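>>> Show me how the following folds:
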Amino acid sequence: KYVCVVSSKPERAKIWDWQGNKCICEYSQMSQPVTRASFCPWDSHQLAFSGERCLRLFRRKDSNLKPFPEFSGLAESKFMFTDHAMMQPPERSMVVTTLEGPVFILDCDELI
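Numbering: from 1, shown residues only. Here you go, the predicted structure:
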């Protein structure tokens with residue numbers, strides 16, 4: 001029911017209700033270019049963004065995207081993230097791949 005559109009210059013993300021044909025949320029404080037965006041499969045209010053050197057997890061509340069504080073320390077990284085995928089609950093568990101080779105599994109901001 002929702003579509004996430006990410007643009008550059010300026011870097012921003014918009015969430016659209018495609019059935020209602022309207023923008024329901026916008027976030028324009030991206031610090032790094034984003035190359036991948038995904039909704040959590042079991043909670044459409046949770047989104048993840050990854051890009052060259054960033055990994056951010058957000059929760060949509062009303063018309064705002066709020067970053068999860070647990071992941072804010074990973075916003076800037078020395079790795080170039082190439083992809084990410086949400087894992088089955090518990091919430092905020094992800095697998096993240098990098099251009100440099102390492103694959104990370106994150107659970108509430110901890111490497112496991």
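>>> Going by C-alpha atoms from here, please, whenever you check contacts or count neighbours.
Noted.
>>> Could you check how far the closest residue in space to Arg59 that isn't next to it in sequence is from Phe79?
Spatial nearest neighbour of Arg59, chain neighbours left out: Gln46 (4.4 Å); criterion: Cα to Cα, 6 or more residues apart in numbering. Going from Gln46 to Phe79 by Cα to Cα, to the nearest Å gives 23 Å.
>>> Compare the two and say which is more crowded by neighbours.
Set Gln46 next to Phe79 and count neighbours by other Cα atoms under 10 Å: Gln46 wins out with 21 against 17.
>>> Against Trp18, how distant is the more buried one?
With distances taken as Cα to Cα, Gln46 is found 17 Å from Trp18.
>>> For the protein, just list every one of the strands.
Per DSSP state E, the chain carries strands over the ranges 2-7, 12-17, 22-27, 34-40, 43-51, 55-61, 64-67, 81-86, 93-98, 103-107, 110-111.
>>> okay, those in a markdown table with mean pLDDT next?
What follows is the strands of the chain, written out as a markdown table (pLDDT from 0 to 100):
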| stretch | mean pLDDT |
| --- | --- |
| strand 2-7 | 87 |
| strand 12-17 | 89 |
| strand 22-27 | 90 |
| strand 34-40 | 88 |
| strand 43-51 | 86 |
| strand 55-61 | 85 |
| strand 64-67 | 85 |
| strand 81-86 | 88 |
| strand 93-98 | 86 |
| strand 103-107 | 81 |
| strand 110-111 | 56 |
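>>> most distant residue from the middle of this protein?
What lies farthest from the middle of the chain is Gly20; by Cα atoms, centre = their mean that is 23.2 Å.
>>> Pop out the phi and psi values for that one.
Backbone torsions for Gly20, taken as degrees, to the nearest 10, come to phi -90, psi -10.
>>> Show me the beta-bridge partners of Leu57.
Following DSSP bridges, Leu57 is listed with bridge partners Ala48.
>>> Could you check how far the residue nearest to the spatial centre of the chain is from Asn21?
Central residue of the chain (Cα atoms, centre = their mean): Ala48, 1.8 Å from the mean position. Between Ala48 and Asn21 the distance is 22 Å, computed by Cα to Cα.
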